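In: Attaching a predicted model along with its sequence, questions to come.
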Protein chains: 2
Amino acid sequence: MPPLRVEPLTPAAFAPFGEVIAPDAARTQYAVNDGTSQRFHALGHVECDGGAPVLSIFRAQPRALPFAVRVLERHPRGSQAFVPLSAAPYLVVVAEDPAQPPRCFLARGQGVNFRAGTWHHPLLALERESDFLVVDREGDDDNCDEVALATAWRIESLS
Amino acid sequence: MPPLRVEPLTPAAFAPFGEVIAPDAARTQYAVNDGTSQRFHALGHVECDGGAPVLSIFRAQPRALPFAVRVLERHPRGSQAFVPLSAAPYLVVVAEDPAQPPRCFLARGQGVNFRAGTWHHPLLALERESDFLVVDREGDDDNCDEVALATAWRIESLS
């Protein structure tokens, strides 16, 4: 099983897949509320083709390493954001094409917003049960494709 | 200056103003990702009349008590959600009508989603600098009304 290298999550590295939700990823920031708050503006853009955007919480059980990446999924009709509500790190596995090697990013105090149609692995919390705010599309139609990878990839450790 | 009582934040008490974003506010929950996550579904509904929904982060400076509530604002064309990214408590001041007494809720580990047009006070973080994920509407048009209250209201303490 070939190894999958764990990369740091940066806006530039993640750009092919979506957006990083963190203050230092902001292109625009400004003071609001008479200067009592700083707004790091439009870090993520919600895509919603039909249906409606909703806010949900995912409570994720932690996964143990080493971990075998065997499946990916995508939501063709909407973006999907995960923003951690705790400080626990988590892994973000994505692919531009499931026939090519995926990439694995380590998120620390950062959220991600998968662009509509981005192939990604289901949530990979680490260390402990972790809550995430999720912003995605609610609709009656099917909006999830899943694929079993021809090759499984092994995440050995975080380093 | 009349006192404003601080109430616990519950979905029922907050219903005239919007939604509480917390697992125990869920009407629907189910397992996802092969049972590794629990989805607390559609806690908040994003309203966006024109424009587009975006994810931002507000970094709020803490306010000291006692605090005088003198202004309210509303966004007629979109909902606005605040979800705390830290465990620090904060206050949520809202009014159905700015000519009537506002209400003040203490949020602990809970987010709120103001329904479009809900009068609310700018963010009132407590204790320490606090980051919030904000889901609201980006647009070129004006989407903020502000009002100075005829009577200021005093938040004395959290109890």
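Out: Sure thing, it's come through.
In: check which helix or strand covers the residue nearest to the spatial centre of chain A.
Out: Compute the mean C-alpha point of chain A, and by Cα atoms, centre = their mean the closest residue is residue A:112, 4.1 Å away. If you go by DSSP states H and E, residue A:112 is part of strand A:111-114.
In: Can you give me the buried ones in that strand?
Out: Along strand A:111-114, these residues count as buried under the neighbour rule (16 or more other Cβ atoms under 10 Å in any protein chain shown): A:111, A:112, A:113, A:114. Bear in mind the C-beta positions are built from the backbone N, C-alpha and C, glycine included.
In: Tell me which two of the residues you listed sit farthest apart.
Out: Of all pairs drawn from these, the widest gap by Cβ to Cβ lies between A:111 and A:114 and measures 10.7 Å.
In: what sits in contact with each of these two?
Out: Counting by Cβ atoms under 8 Å, 6 or more residues apart in numbering or on different chains, the shared contacts of residue A:111 and residue A:114 are residue A:81.
In: Got phi/psi on residue A:158?
Out: With angles defined as degrees, to the nearest 10, residue A:158 sits at phi -80, psi -10.
In: wait, what's in contact with it?
Out: Neighbour list for residue A:158: A:6, A:65, A:89, A:106, A:126 [criterion: Cβ under 8 Å, 6+ apart].
In: burial of the first one, as a residue count?
Out: Under the neighbour criterion other Cβ atoms under 10 Å in any protein chain shown, residue A:6 is assigned a count of 19.
In: who's it bridged to?
Out: Residue A:6 forms beta bridges with residue A:104, as assigned by DSSP bridges.
In: Wait, it touches residue A:126, no?
Out: No: contact criterion Cβ atoms under 8 Å: residue A:6 and residue A:126 do not qualify, at 10.8 Å.
In: Residue A:71 is in contact with residue A:121, correct?
Out: Yes: using Cβ under 8 Å, residue A:121 is in contact with residue A:71, at 7.0 Å.
In: between those two, which one's more packed in?
Out: Here residue A:121 and residue A:71 are compared on neighbour count by other Cβ under 10 Å; more neighbours surround residue A:121, at 22 against 17.
In: residues contacting the more buried one?
Out: In this structure, residue A:121 makes contact with A:69, A:71, A:72, A:73, A:91, A:92, A:93, A:94, A:102, judged by Cβ under 8 Å, 6+ apart.
In: which one is the residue lying farthest from the centre of chain A nearest to, not counting chain neighbours?
Out: No residue in chain A has its C-alpha farther from the mean C-alpha position than residue A:34, which lies at 33.0 Å (Cα atoms, centre = their mean). Nearest-residue entry for residue A:34: residue B:122, 7.2 Å, with adjacent residues in sequence omitted and distances by Cβ to Cβ, 6 or more residues apart in numbering or on different chains.
In: What are the boundaries of the helices in chain A?
Out: With helices called from DSSP state H, chain A shows them at A:11-14.
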